[in-house]
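Enquirer: A predicted structure for the sequence below; I have some questions about it.
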Amino acid sequence: MTVRTRFAPSPTGYLHVGGARTALFSWLYARKHGGKFVLRIEDTDLERSTEESVNAILEGMTWLGLEYDEGPFYQTHRFERYNEVIGELMEKGLAYRCNCSRERLDDLRERAMKRKEKPRYDGHCKSLHVDPDEPHVIRFRNPESGTVVVDDLIRGRVAFNNEELDDLIIRRTDGSPTYNLTVVVDDMDMEITHVIRGDDHLNNTPRQINILRALGKKSPIYGHVPMILGDDGARLSKRHGAVSVMQYREEGFLPEALLNYLVRLGWSHGDQEIFSIDEMIELFDIDQVNKAASSFNTEKLLWLNQHYIKADDPKRIAHLLSPHMGNLGIDPTEGPDLVDVAKAQQERAKTLVEMADISAFCYLDFEAFDEKAAKKHLRPAAREPLEKMREALEGLQDWTPEALHERVQQVSETLEVKMGKVAQPLRVAIVGRAASPGIDVTLQLVGKEATLRRIDMALEFIRQREAQA
RNA sequence: GCUCCCUUCGUCUAGUGGUCUAGGACGCUGGCCUCUCACGCCGGUAACAGGGGUUCGAGUCCCCUAGGGAGUACCA
């Protein structure tokens, strides 16, 4: 049997991390077993579905590299097929027309709640004849007794009593099919073998199995993955910051970091934290996924992101960094090679946005020195070291880290001070802040011209300070 | 309300009856390294929701309680 899994989002918003993880698990399962991964867009809710959402979901999947083998299939293109199946159920007496008014239904629900019972449709129209020409919905005739057992890959055996279920609507008054019918038909037609989806669907599963049975089909294997909560343990929502996958890209995250974070949320392989895509495919197993919901922890994602930034090829980092430099109004071709910058900053940034921020000095003069840094390092005592450095650098032709390092060292030896006494003021002078890569590399990236100009700025700053004192 | 699901450090998790005075990771924190920041290295902090059973022995099996979550739509 060839494994076939699917991801079936409804296009009512962007791709969020919960959906992305479900898609990842589904994708991994298919990849692991040499199967196919199908993408299906569940857009039968014509009111809420939008094309922008479809595009946002597709974009998110592409960014994460979760490529699908078939699809995207759109449910709105398959209404004819759904009606065919509904017709089949009608013919076999497994579905019936119902013209109960909303008022009657609301009343029914209210009374059941009052009696402390689960609200269920009472089957009022089950044995009545409803004229096909008058407005009506079609309901599925759910078995009245017996149990439905779901052997869930993650939850284990879960049993439901048919008494708890009611005759659900499978076609609306406007003729459109409803979710529980379309999933069943699609999973059946697309020959989905493993349905891996969010556990908010666990309660729907027995209904779907019943429809499948009525159609004389075997049900697929289910795996209901728990949901993801926000940092605070509450349900993930917009107030938790980035929940949209694409927003993580904008915030400077690497797709492999998000993927690695997501795969470890609810799943583990011993003590291993870092997984390449190939390792995930090899080691992941859906039945080892935790049953409990887990909280999204941005701190750990940040750590993983830094790990991947550190480990990646500087050329790729530079490539990904480029647009973030652009966001700061910097054209990276007008200055040092961005690859060298990336190489110098790889160990210093948790995100590409942060890397762009701490690298801007390589391309642009800053407006002002960081207040704290200037106060501490651009003081009168720094004037002499800076003047000496300026002299030492002005005549330097060989602007390489080695030569630069030597000059800084020479100046500190001449002045008989520790290297920090020279390097720190110099750093603040040319970077504007107190932190940067090694002073030699920093000098190299800034370049001779800007270095001398900025040292002069710093000296002027110190002079003014002396004048004020 | 009713049905279903869940419960190990703050967070992600290991743990499938004895090797658990509960391991790893993030975070936080002490130190080392050091021209700054970061990286790296060494150390510390912190958990089996509560209560009953079963068993020679329970984080691990069963029951109850509590607390979370989902569903209960002519949404998906």
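Expert: Right, received. Where do you want to start? From a predicted model like this one, the values you see are computed outputs, not experimental measurements. Residues are numbered from 1 along each chain as shown, chains lettered A, B, ... in the order given.
Enquirer: contacts for the helix or strand where residue A:321 lies?
Expert: Counting by DSSP states H and E, the secondary-structure element that holds residue A:321 is helix A:314-327. Helix A:314-327 is contacted from outside by A:252, A:254, A:309, A:331-332, A:337-343, A:346, A:352-353, A:355-356, A:359-360, A:363, using CB atoms under 8 Å, 6 or more residues apart in numbering. Any C-beta I mention is one placed from the backbone N, CA and C, and that applies to glycine too.
Enquirer: run through the residues of the stretch 251-400 of chain A sitting next to RNA strand B.
Expert: Contact residues (CB under 7 Å from any atom of the strand) of the stretch 251-400 of chain A with RNA strand B: A:264-268, A:270-271, A:273, A:288, A:290-295, A:297, A:299-300, A:302-303, A:306-307, A:310, A:347-348.
Enquirer: just those residues: which are in helices?
Expert: The members of these that map onto helices under DSSP state H are A:299-300, A:302-303, A:306-307, A:310.
Enquirer: ok, then the element right after the helix holding residue A:321?
Expert: Read in the C-terminal direction, the helix or strand following helix A:314-327 is helix A:338-345, with elements assigned using DSSP H and E.
Enquirer: buried sites along that next one?
Expert: Judged by neighbour count using 16 or more other CB atoms under 10 Å, the buried positions of helix A:338-345 are A:338-339, A:341-345.
Enquirer: list only buried entries from the residues of the stretch 251-400 of chain A next to RNA strand B.
Expert: For those, burial is judged from neighbour counts taken by 16+ other CB under 10 Å, and it is met by A:264-267, A:293-294, A:302, A:306-307, A:348.
Enquirer: and of those residues, the nearest to residue A:52?
Expert: Of all these, the one sitting nearest residue A:52 is residue A:265; the distance, using CB to CB, is 27.3 Å.
Enquirer: what sits closest to the closest one if chain neighbours are left out?
Expert: Across the structure, with CB to CB, 6 or more residues apart in numbering as the measure, the residue nearest residue A:265 apart from its sequence neighbours is residue A:294 (5.1 Å).
Enquirer: go on, residue A:143?
Expert: Among residues not flanking residue A:143 along the chain, residue A:162 sits closest, at 4.7 Å (CB to CB, 6+ apart).
Enquirer: hang on, isn't that neighbour packed against residue A:146?
Expert: Yes - counting by CB atoms under 8 Å, residue A:162 touches residue A:146, with 5.1 Å between them.
Enquirer: for these two, indicate the residue with more neighbours.
Expert: Neighbours around residue A:162 and residue A:146, counted as other CB atoms under 10 Å, are more numerous at residue A:162. The numbers are 16 against 10.
Enquirer: pull out the buried members of the contacts of helix A:314-327.
Expert: A:252, A:254, A:309, A:332, A:338-339, A:341-343, A:346, A:352-353, A:355-356, A:359-360, A:363.
Enquirer: checking my notes, residue A:410 in a strand, right?
Expert: No - applying DSSP: H, G, I helix; E, B strand; the rest coil, one finds residue A:410 to be helix, outside a strand.
Enquirer: separation between it and residue A:389?
Expert: Computed as CB to CB, to the nearest Å, the residue A:410 to residue A:389 distance reads 10 Å.
Enquirer: and whichever helix in chain A runs longest, average pLDDT?
Expert: For chain A, the helix that runs over the most residues, judged by DSSP H, is helix A:448-468. Within the predicted structure, the mean pLDDT of helix A:448-468 is 92.
Enquirer: buried residues in it?
Expert: Taking 16+ other CB under 10 Å as the neighbour-count basis, helix A:448-468 is seen to contain the buried residues A:450-452, A:454-455, A:457-459, A:461-462.
Enquirer: what about stretch A:407-427 and RNA strand B, touching?
Expert: Yes - Stretch A:407-427 comes into contact with RNA strand B when judged by CB under 7 Å from any atom of the strand, the residues involved being A:418-420, A:423-424, A:427.
Enquirer: so the residue nearest to residue A:32 when sequence neighbours are not counted is in which element?
Expert: With sequence-adjacent residues excluded and distances taken as CB to CB, 6+ apart, residue A:32 is closest to residue A:281, at 5.3 Å. Mapping residue A:281 onto the secondary structure by DSSP H and E places it in helix A:277-283.
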